[in-house]
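**Q** Give me the fold of what follows.
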Amino acid sequence: MVKDKVLLTGASGSMGNAAFHELLKRKERYYVVLLVRPSKKNRKYFAEYLGVKNSVSSNRSVSEGDGLKVVWGDLINPDDVLRAVEGCDYVLHPAALISPAADHNPEMAKKINVDGTNNVIAAIKKQPDHGENTKLVYVGSVAEYGDRLPPVHRIRVGDPLVPSVYDFYATTKISAERAVIESGLMYWVSIRQTYIGIPKAFTLLDSIMFHQPLDQHVELILDKDAGYGLVKCLDAPERFWGNIYNMSGGPSCRFVYHQYLLNMMNLLGMGDYRRVMDRNWFCLRNFHGGWFEDSHVLDGFLGHWRSNLDDHYQQVEETKYWYSYFGKLIPKFLVKRFLRNMASAKNGPLGWVLSNNEGRINAFFGSKKNWEDISGWDVDENKFGGSVYLLDHGYDESKLENEFNLEDLKQAAGFRGGECLSEQFVDFKKILKWKCAFGHLFEGSPTLILKGGHWCPKCNAPPWDYDKIAAKNPFFAQVYYSNHSKDESNYYNEKSYEDIL
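**A** Have a look, this model is predicted:
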């Protein structure tokens, strides 16, 4: 039997590594190709699966063995990507530079996340059939949606993409996704991945943990289910392709951040997190996350809803090491000092306040006064939530694709403060001409605009000029004005990340 050839990028990451092990279970069906950076750690790890000693010395080389091929290279090198893609029937592409590293080095994030994805697309098109039969699965992020606190925490594909201020990772994922959707490839799909719960929870202790508001809603997925779902794309039917999906573990994996903190800190032996953290260490807005209203659509294809939130906690419990005694053996005042230092770092909310970093304070708290007004732990977090409403997409969503006409597109464009300039509508794949509220002319397919929630690329962050955009774009304003006032006036340029370096 001739095996299908599958390229997997990012096999050393959480989702990618889980997918790698799922592919190993299916070696009788697939010949597996990996594109892996030639680090000493990676060479040592993957040598075991190649069935050979890791003796290859060249940084631009290939190792093969036991039904596995490893192309030692880099996504940002077009030649490496072309060697990896050669002859592949499928490309599974979860590789990315993620936060917080991506937010501290936007240039590298762009090279890996955007240029790397473009290299994959170009390599597919260079195949003998010009990529007509190669299927690409791109993995995006829930971060593309940006700040979705209640009452707009129910997220659907097609919602506006409003990446949070300073979230350079999210901006690169939006740009890369746009390239995939408009690639012209016959078979592509974009999966917007939620937060992946990993066993080694202690590794997540970073200043970024305080960026999340306590009422942030999250619908996580376990790493093993994310990897399983990615590989199950290989079995998906024809109607699966050419679409955008939200991926999560489903409603049984939902939580509100303050609840998650309580459980995780208990698992780490610290007890009630309120004993070792202060309320004003946590931001009030400008992160990302939400509950997916439509994550069941992808599960209908892949069947990856196999675990729940308790399984995640059990996973953490079973993999605890020395840190399981961290909170039990160390006095609470020392634990609090450790965490306070983390919150006071350059990228921590207390650090911003101490250094009077006005940009960060305004983005994450609204104002210095808002931070000063944060009360103690007498706040009843159980009341977080309140009203809920779904966002309007600006057209009749009950219509099937073949029922749409030009007037539907013009209506959607008007709701975005712009116009559809094309005078003929053929189908959702055909590129049309549009104009945004600021007169920028651009092109995009109805799939990109209506299904994907994308809009004017010239208005995309960075820079972040959201107050100006929200005033003219009702589609965008639904998200932005849920926790911003109309009298705010903020602007963050492409170099705004340098304030914490």
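
**Q** hey, which helix is longest across this protein?
**A** The single longest helix within the chain, with elements called by DSSP state H, is helix 168-181.

**Q** elements contacting it?
**A** Packing partners of helix 168-181 (3 or more Cβ pairs under 8 Å, 6 or more residues apart in numbering; DSSP states H and E): helix 101-104, helix 106-109, helix 116-125, strand 135-141, strand 187-193. Every residue, glycine included, has its C-beta placed from N, CA and C.

**Q** Got the domain ranges for this structure?
**A** 4-197+220-249+292-308, 409-452+455-480 (automatic domain parsing).

**Q** Pipe those domains into TSV and attach mean pLDDT, distance to Val276 and mean neighbour count per row.
**A** Formatted as TSV, those follow (pLDDT from 0 to 100; distance: least, Cβ to Cβ, whole Å; neighbours: other Cβ atoms under 10 Å):
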stretch	mean pLDDT	distance to Val276	mean neighbour count
domain 4-197+220-249+292-308	94	22	20
domain 409-452+455-480	97	33	18
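
**Q** nearest to Lys486, of the ones you listed?
**A** For those, the distance to Lys486 is smallest for domain 409-452+455-480, at 7.4 Å, taking Cβ to Cβ.

**Q** now do the same end-to-end measure for the closest one.
**A** Using Cα to Cα, to the nearest Å, the end-to-end distance of domain 409-452+455-480 comes to 23 Å.

**Q** for that domain, the distance to its chain's centre please.
**A** Remark: domain 409-452+455-480 is offset 22 Å from the chain centroid, using Cα atoms, centre = their mean, to the nearest Å.

**Q** try stretch 295-305
**A** 18 Å.

**Q** Using PDB, write out every CA atom in that stretch.
**A** C-alpha atoms of stretch 295-305 as PDB (Å, rounded to 0.1, in the frame of the first residue of the first chain):
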ATOM      1  CA  SER A 295     -16.500  24.800  18.700                       C
ATOM      2  CA  HIS A 296     -18.900  21.900  18.200                       C
ATOM      3  CA  VAL A 297     -18.700  22.300  14.400                       C
ATOM      4  CA  LEU A 298     -15.000  21.200  14.300                       C
ATOM      5  CA  ASP A 299     -15.600  18.400  16.800                       C
ATOM      6  CA  GLY A 300     -18.300  17.100  14.400                       C
ATOM      7  CA  PHE A 301     -15.500  16.500  11.900                       C
ATOM      8  CA  LEU A 302     -12.700  15.500  14.200                       C
ATOM      9  CA  GLY A 303     -14.200  14.000  17.300                       C
ATOM     10  CA  HIS A 304     -11.500  15.500  19.500                       C
ATOM     11  CA  TRP A 305     -13.700  16.300  22.500                       C
END
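
**Q** Figure out which of the domains of the chain is closest to Ser375.
**A** domain 4-197+220-249+292-308 (18.3 Å).

**Q** which one of the domains of the chain lies closest to Gly351?
**A** The nearest among those, by Cβ to Cβ, is domain 4-197+220-249+292-308 at 13.3 Å.

**Q** Straight-line length of that closest one, end to end?
**A** With Cα to Cα as the measure, the ends of domain 4-197+220-249+292-308 fall 32 Å from one another.

**Q** related to what we said a few turns ago, of all the helices and strands packed on helix 168-181, which one is nearest Glu494?
**A** Glu494 lies closest to helix 106-109 among the helices and strands packed on helix 168-181, at 7.6 Å (Cβ to Cβ).

**Q** Can you spell out which helices and strands pack onto the closest one?
**A** For helix 106-109, the packing partners by 3+ Cβ pairs under 8 Å, 6+ apart come out as helix 101-104, helix 168-181.

**Q** contact partners of the shortest one?
**A** The one in question is helix 101-104. With Cβ atoms under 8 Å, 6 or more residues apart in numbering as the test, helix 101-104 has contacts from 96, 108-109, 113, 166-169, 172, 347, 497, 500-501.

**Q** As CSV, could you dump the C-alpha coordinates of that helix?
**A** Taking Å, rounded to 0.1, in the frame of the first residue of the first chain, the C-alpha atoms of helix 101-104 are listed here in CSV:
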residue,chain,number,x,y,z
ALA,A,101,8.5,35.5,23.4
ALA,A,102,6.7,36.7,20.3
ASP,A,103,5.6,40.0,22.0
HIS,A,104,9.2,40.7,23.1
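
**Q** returning to that earlier point: I'd like to check the angle between the longest helix of the chain and helix 116-125, please.
**A** 20 degrees (axes from the mean of the first three to the mean of the last three Cα atoms, to 10 degrees).

**Q** how far out from the middle of the chain is helix 168-181?
**A** Mean C-alpha position of helix 168-181 versus that of the full chain (Cα atoms, centre = their mean) differs by 10 Å.

**Q** the helices in the stretch 251-400 of the chain, which residues?
**A** Here the stretch 251-400 of the chain has its helices, by DSSP state H, counting those that start in this stretch, at 257-267, 295-302, 309-318, 326-329, 332-343, 349-354, 358-365, 368-372.

**Q** average model confidence for the shortest one?
**A** By that I understand helix 326-329. The predicted model gives helix 326-329 an average pLDDT of 65.

**Q** Counting neighbours, what do you get for the nearest residue to Asp408 once chain neighbours are set aside?
**A** Spatial nearest neighbour of Asp408, chain neighbours left out: Tyr395 (5.0 Å); criterion: Cβ to Cβ, 6 or more residues apart in numbering. Using other Cβ atoms under 10 Å, the number of residues around Tyr395 comes to 20.

**Q** returning to what we had before: make a markdown table from the helices and strands packed on helix 106-109 and add distance to Ser367 to it.
**A** Listed next are these as a markdown table, based on distance: least, Cβ to Cβ, whole Å:
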| stretch | distance to Ser367 |
| --- | --- |
| helix 101-104 | 22 |
| helix 168-181 | 24 |
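
**Q** list the contacts for the spatially most central residue of the chain?
**A** Compute the mean C-alpha point of the chain, and by Cα atoms, centre = their mean the closest residue is Ser141, 1.8 Å away. By Cβ under 8 Å, 6+ apart, the contact set of Ser141 is Ala96, Tyr169, Ala170, Lys173, Arg192, Gln193.
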